[in-house]
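Undergrad: following is a predicted model, sequence given first.
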Amino acid sequence: MYKAMPIYIPIKKIAALSLWSLTLLYLQACGGGEENPMGSSSGDLSSPSSSSSSSSSSSSSSSNSSSSSSSTSSSSSSSSSSSSSSSSSSSSSSASSSSSSSGEQPDYSGIDPVKMAGNPKTIRSNFTFTEGPVWIVEHQALLFTDVRENIVWRYRAPNNFEKYFTNTRGANGMALFNGNELYMCQVDGRRLMKATLPPSVDDPPPPIELVTDNFEGKRYNQTNDVAIRSDGNIYFTDPNFRGHNRDLNYLGVFRISPDKNISVIAKNFRPNGIKLSLDEQWLYVTNNNKIERFALDEEGTPSNPKTYAIANSTLDGMAIDDAGNLYAANKRGVEVFNPDGQSFGNMRMPGGGTVLNCTFGGPDRKTLFVTTGEALVSIEMPIPGRP
């Protein structure tokens, strides 16, 4: 216990002293004051993705699941820790969620993604018909299909390839919902399937179950590509590139609402790839060399389709970056369109083959993975994109 000693200060000087100065003098007389440190607290700002499963309308027999029997070719390569890489890849989400601290989104104006793109690099070739790439953030891995070989491959950098699913009945376009629900279109099975991915990259592949295989009792032509809104609305295309005997007398685009009601939303063109806008208020569908855009209301109901962009080549699957630019695979490469539908140009791929699909991934979401039929290609982009 310190006892304060009397302080004698000439009256003339008191007027010159501020209250703060008097306080300091008093503290010195009392033996000094205690410092009030301000430490920096570092909290984990990454939030685990919600893994709530949505129920799917399943009307399949046991063969529906067995037809997609899964097998894994075990690989002894070291796996990157999924939780730390996904939290370190909060850099991937921080690019879009930087507003949480600053209230501002990154400014991508003035960036030409085609001119500023890196050189395309072939990761691996000698596939047959690569398609449907989708990035799994929790596993830091890319899944993509080889349609004609009935395989879903899993790729982990730098050069780890595994057969993740086999006997896939022509698995083609794929999409992820809630971070762990993988939806896949089967062009030969003519149906939409679903698998709930395990939490760890080291766990075995999950079983595959049926979502839908018919509309009003008639089989689909060839389910091809799928997109899923955050509220659970599912949209998929149903062309007939395989030439199956058709039960439906049209090529359609379908919607499955969150309450599992299936409806046809377009039947007057040749649909192929499908993608949602960043704000999920628009639905893009490729139609030969055009991209059609549907307006979506709050419930996810599409309306008022209009041509958004016209390319010089037939278009296929699509990807979207954080600036809202749309990347469309085509016979000549990947063409990039700004949010107004104006083209930045086309990015050519090694070998000059037809490009079938693309998606963003990697720890910082700046790697554009491109499937070119016989190969898997990567390009480092200046703007991160949505997996």
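TA: Right, received. Where do you want to start? Residues are numbered from 1 along each chain as shown.
Undergrad: what's the longest strand in this protein?
TA: Longest strand in the chain by number of residues (criterion: DSSP state E): strand 302-310.
Undergrad: check which helices and strands it sits against.
TA: strand 262-266, strand 282-287, strand 290-296 (3 or more Cβ pairs under 8 Å, 6 or more residues apart in numbering; DSSP states H and E). Bear in mind the C-beta positions are built from the backbone N, C-alpha and C, glycine included.
Undergrad: so how far is the longest one off the chain centroid?
TA: When you say that, I think you mean strand 290-296. 19 Å (Cα atoms, centre = their mean, to the nearest Å).
Undergrad: for it, buried residues please.
TA: Residues 290-294, 296 are the ones in strand 290-296 that count as buried (16 or more other Cβ atoms under 10 Å).
Undergrad: what pairs with that strand, parallel or antiparallel?
TA: As defined by DSSP bridges, the strand partners of strand 290-296 come to strand 282-287 (antiparallel), strand 302-310 (antiparallel).
Undergrad: relative to strand 262-266, how tilted is the first one?
TA: Just to be clear, that refers to strand 282-287. Between strand 282-287 and strand 262-266, the angle comes out at 70 degrees (axes from the mean of the first three to the mean of the last three Cα atoms, to 10 degrees).
Undergrad: what's the average pLDDT for strand 282-287?
TA: The pLDDT scores in strand 282-287 average 98.
Undergrad: same thing with stretch 299-312?
TA: For stretch 299-312, the per-residue pLDDT averages 96.
Undergrad: check which residues of that stretch are buried.
TA: Under the neighbour-count rule (16+ other Cβ under 10 Å), stretch 299-312 has 300, 302, 305, 308-309, 311 buried.
Undergrad: just give me the closest of these to Asp238.
TA: Nearest to Asp238 among the buried residues of stretch 299-312: Pro302, at 14.8 Å, using Cβ to Cβ.
Undergrad: quick one: contacts for that closest one?
TA: Shown in contact with Pro302 (Cβ atoms under 8 Å, 6 or more residues apart in numbering): 235, 255, 265-266, 283, 294-296.
Undergrad: please redo it, this time with the cut-off set to 6 Å
TA: By Cβ atoms under 6 Å, 6 or more residues apart in numbering, the residues touching Pro302 are 265, 283, 294, 296.
Undergrad: so how far is Phe254 from Asn261?
TA: Plainly put, Asn261 is 11 Å away from Phe254 if you go by Cβ to Cβ, to the nearest Å.
Undergrad: and stretch 162-182, end to end?
TA: One end of stretch 162-182 sits 17 Å from the other (Cα to Cα, to the nearest Å).
Undergrad: what residues of it count as buried?
TA: In stretch 162-182, counting by 16+ other Cβ under 10 Å, buried: 162-166, 168-177, 179-182.
Undergrad: neighbouring strands - and their directions - for the helix or strand just after the longest strand of the chain?
TA: Toward the C-terminal end, the helix or strand that comes next after strand 302-310 (DSSP states H and E) is strand 315-320. Paired strands of strand 315-320, with direction, are strand 326-330 (antiparallel) (DSSP bridges).
Undergrad: pull the residues that contact the partner strand.
TA: 311, 313, 315-320, 334-337, 355-358.
Undergrad: off-centre distance for that strand?
TA: The answer for strand 326-330 is 15 Å, by Cα atoms, centre = their mean.
Undergrad: give the rounded mean pLDDT of it.
TA: Strand 326-330 comes out at a mean pLDDT of 98.
Undergrad: using PDB, write out every CA atom in it.
TA: Provided in PDB are the C-alpha atoms of strand 326-330 (Å, rounded to 0.1, in the frame of the first residue of the first chain):
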ATOM      1  CA  LEU A 326     -18.600 -15.200 -67.100                       C
ATOM      2  CA  TYR A 327     -16.100 -17.700 -68.500                       C
ATOM      3  CA  ALA A 328     -17.600 -19.900 -71.300                       C
ATOM      4  CA  ALA A 329     -15.900 -23.000 -72.700                       C
ATOM      5  CA  ASN A 330     -16.000 -23.300 -76.500                       C
END
